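Engineer: got a structure for you, letters missing:
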């Protein structure tokens, strides 16, 4: 109340600076380090006139209440300096759905279909930001949530004609581990090109596309996909 | 078997003869020498090369490198009273300092810094905690615990050392000096105010009679570098990395002096030092607010995301070079620069190089700051188009945070982050990580005043196109080779180059690996988990040790 009457015009209703040019109080070193008004009250009462802060004319008690209010808002600053307050939901759908449909036909339709695997995708993922990240990644980010069709497989050829295949569990420069169709795992030592290891990753196409999208492509395609209810 | 036994007895006898001198310090003069048998400062020596002259472990012998010992460290005042080893019941002396209430124990400590290896003793830190270990078997000599008042507990990069004194920073912004032999506290000094959002992770660097100390902060506060007296802890000078008064250098690159004074440019990684010019060269962090222009104006916002050279005696700036003009992606340029001499276009030059977090590589003249080379080493780096007249990347405003989302690479973690790089004068290559990641960047706070801190955006990671160990030719900035990691994330906690022709690093897939410095081929590995710091090396009793950390455990390897 006291803040609204005396301070808001200059420092803003959210304390982040207002139309009259007062600075953001939430990043003020004075306000951040004030314990119980000892730094803020003198300023409210005119100690910084030279720097353009007028004497607001509040008594100690009222100025102290304003200081307590400022500290209480500072207490709601998020991690890494994120400003307080709920994030507003913003409309990310700025793309052109018909251009998105053309893009889909040209770049996605060899693997996906609007009436097949992606039927109802917009109902399954009604939040456009979630849908946009989902299609860029090529599915859920979490490997556990991936269906079998999206898991990588590997062929390990230990000798001519001796090939072992299965789901890829782990690979690095020194070992490769796969899970065979009977659910058992096998690990092979790798030394350079021996044995021959070929990974088949159905998500590779999605990764390969990342450097090639324009932001317009992305927004258009998302605008199209949200129509697949 | 018999031979190994005989050797180990011989080394035992040898070591006990030498151990009389254990626990000694390092003089400021010794710190001027190139990296050799000891590791007495954050980067091993002042050049930032992390290039060791030790060659016992080399391309031929590395196959025989195996475990000497490991030591698990438990942070907190009530950690195990002894180090739990059979035959070592003696409690480890615990020294407690700090101004906090004593009820904040951050358990999930991880070693993310450099270990000092001086005179048979290793000095290791985690946030609020420090240990001295016997370098021969890893047992604890003392444990120091700091009672914190708070602050961001993200990591601690290690100690600085001046004669027999150690210096560390704490997350709640104190510089603490310990007696190296006993771990007893000599003094502690406040270096910043934790309530203003400051926190401290860097390893102090000792140069002559200066202890240089940097800080971090995410909430719109000015960055600065301070110099303290190693004996008394008195402040010698304080250099602000953003303009603080009208008319200060760089003030005309901000919309107002108030914006500059909240403009960031934190000093959270230890720099390099050139004794000839007395210039300390270090990188600065992002501007704040990080993702919105708002009140900071559309100009360069100096001296954020810059390399800065200051005279170590006066704290006055000699030159600067901005590696991310008007940064909009939290691309801190705090990475340790590397100093080296070499041929450039037919002339011997004294140079400094940095592989920045923003996907660009730079070579400069380190005496004058003259720009020599800029290259884009991040294969898919897409936030800039061409170069500014000064040689910095020219930001593409279309890749700033937008309401419908902007797809940018590398993501805000960067192609590399805090992890130290390495440079070999033999190959002329700078070795760096290169993570090619993509994120969608949404603007969630379109307020014309701009946001605050790292707020006002939502970053959503959508994939990676490859994570590499990359070797860059300093003459051209071109990658001579890339070794791809089998991981989307960063390979490890930093790099080590040796005159044995090796590069040591984690591989992001659970191993410590020795790579051939010439072509990046992996030559040796040991499967000890994700490596959380840069591997280091030192010599003791005729053995070359290679050490590194995975989480709370320090590992030590020698040839067998």
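Structural biologist: Received it, and whenever you're ready, just let me know what you need. Values in this document were obtained by computation on a predicted structure and should not be read as measured data. Numbers count the residues shown, from 1 in each chain, chains lettered A, B, ... in the order given.
Engineer: switch to C-alpha atoms for all contacts and neighbour counts from now on
Structural biologist: Will do.
Engineer: Residue A:98 against residue A:225, yeah?
Structural biologist: No. Under the criterion of C-alpha atoms under 8 Å, residue A:98 is not in contact with residue A:225, lying 10.3 Å apart.
Engineer: out of these two, which sits in the more crowded spot?
Structural biologist: residue A:225 (24 against 13; other C-alpha atoms under 10 Å in any protein chain shown).
Engineer: Next, the contact list for the closest residue to that one other than its chain neighbours, please.
Structural biologist: Using C-alpha to C-alpha, 6 or more residues apart in numbering or on different chains and skipping residues adjacent in sequence, the residue nearest residue A:225 is residue A:122, 6.5 Å away. Going by C-alpha atoms under 8 Å, 6 or more residues apart in numbering or on different chains, residue A:122 touches A:131, A:225, A:226, A:227, A:228, A:229.
Engineer: my guess is residue A:122 is in a strand, correct?
Structural biologist: No. Counting by DSSP: H, G, I helix; E, B strand; the rest coil, residue A:122 is located in no strand; its state is helix.
Engineer: roughly how far apart are residue B:299 and chain A?
Structural biologist: 20 Å (C-alpha to the nearest C-alpha, to the nearest Å).
Engineer: Name the residues of chain A found near chain B, please.
Structural biologist: A:16-17, A:23, A:27, A:29, A:32-33, A:80-83, A:87-94, A:133-134, A:136-137, A:141, A:171-174, A:207-208, A:210-211, A:214-215, A:219 (C-alpha under 8 Å from any C-alpha of the partner chain).
Engineer: Any of these buried? List them.
Structural biologist: A:16-17, A:23, A:27, A:29, A:32-33, A:80-83, A:92-93, A:133, A:136-137, A:171-174, A:207, A:210-211, A:215, A:219 (16 or more other C-alpha atoms under 10 Å in any protein chain shown).
Engineer: Which members of those occur in strands, if any?
Structural biologist: Of the positions in those, residue A:171 sit in strands, assigned by DSSP state E.
Engineer: returning to that earlier point: sort out for me which of the residues of chain A next to chain B are in helices.
Structural biologist: A:29, A:32, A:33, A:133, A:134, A:136, A:137, A:207, A:208, A:215, A:219 (DSSP state H).
Engineer: Now do the SS call for residue A:68.
Structural biologist: Classified using three-state DSSP, residue A:68 is helix.
Engineer: contacting residues for it?
Structural biologist: A:36, A:37.
Engineer: quick one: low-confidence ranges for chain A?
Structural biologist: A:140-149 (pLDDT under 70).
Engineer: so which helix or strand takes in the residue in the stretch 251-400 of chain B that chain A sits nearest to?
Structural biologist: In the stretch 251-400 of chain B, the residue that lies nearest chain A is residue B:380 (6.1 Å; C-alpha to the nearest C-alpha). Per DSSP states H and E, residue B:380 falls between elements, in no helix or strand.
Engineer: Could you tell me how many residues sit around it?
Structural biologist: So residue B:380, with other C-alpha under 10 Å, has 22 neighbours.
Engineer: for stretch B:143-154, which positions count as buried?
Structural biologist: So, applying 16+ other C-alpha under 10 Å, buried residues of stretch B:143-154: B:143, B:144, B:145, B:146, B:147, B:148, B:149, B:150, B:151, B:152, B:153.
Engineer: brain fart, stretch B:340-354
Structural biologist: For stretch B:340-354, by 16+ other C-alpha under 10 Å, it's B:340, B:349, B:350, B:351, B:352, B:353, B:354.
Engineer: So the second one: helix, strand or coil?
Structural biologist: This means residue B:349. strand.
Engineer: and the buried residues of stretch B:143-154 as a markdown table, adding secondary structure?
Structural biologist: Shown next, in a markdown table, are the buried residues of stretch B:143-154 (three-state DSSP):
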| residue | secondary structure |
| --- | --- |
| B:143 | strand |
| B:144 | strand |
| B:145 | strand |
| B:146 | strand |
| B:147 | strand |
| B:148 | coil |
| B:149 | coil |
| B:150 | coil |
| B:151 | coil |
| B:152 | coil |
| B:153 | coil |
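Engineer: and which of these is nearest residue B:48?
Structural biologist: For those, the closest approach to residue B:48 (C-alpha to C-alpha) belongs to residue B:153, at 25.0 Å.
Engineer: Find the nearest non-adjacent residue to the closest one, please.
Structural biologist: residue B:171 (5.7 Å).
Engineer: Let me see the contact set for the one you found.
Structural biologist: Per C-alpha under 8 Å, 6+ apart, neighbours of residue B:171: B:127, B:128, B:148, B:150, B:151, B:152, B:153, B:199, B:200, B:201.
Engineer: if you set the cut-off to 10 Å instead, what comes out?
Structural biologist: B:127-128, B:146, B:148-156, B:194, B:198-202, B:215-216 (C-alpha atoms under 10 Å, 6 or more residues apart in numbering or on different chains).
Engineer: which helices and strands sit right next to the helix or strand hosting residue A:176?
Structural biologist: For residue A:176, the enclosing helix or strand under DSSP H and E is strand A:175-179. Here strand A:175-179 touches strand A:153-159, strand A:162-171, strand A:185-189, going by 3 or more C-alpha pairs under 10 Å, 6 or more residues apart in numbering or on different chains; DSSP states H and E.
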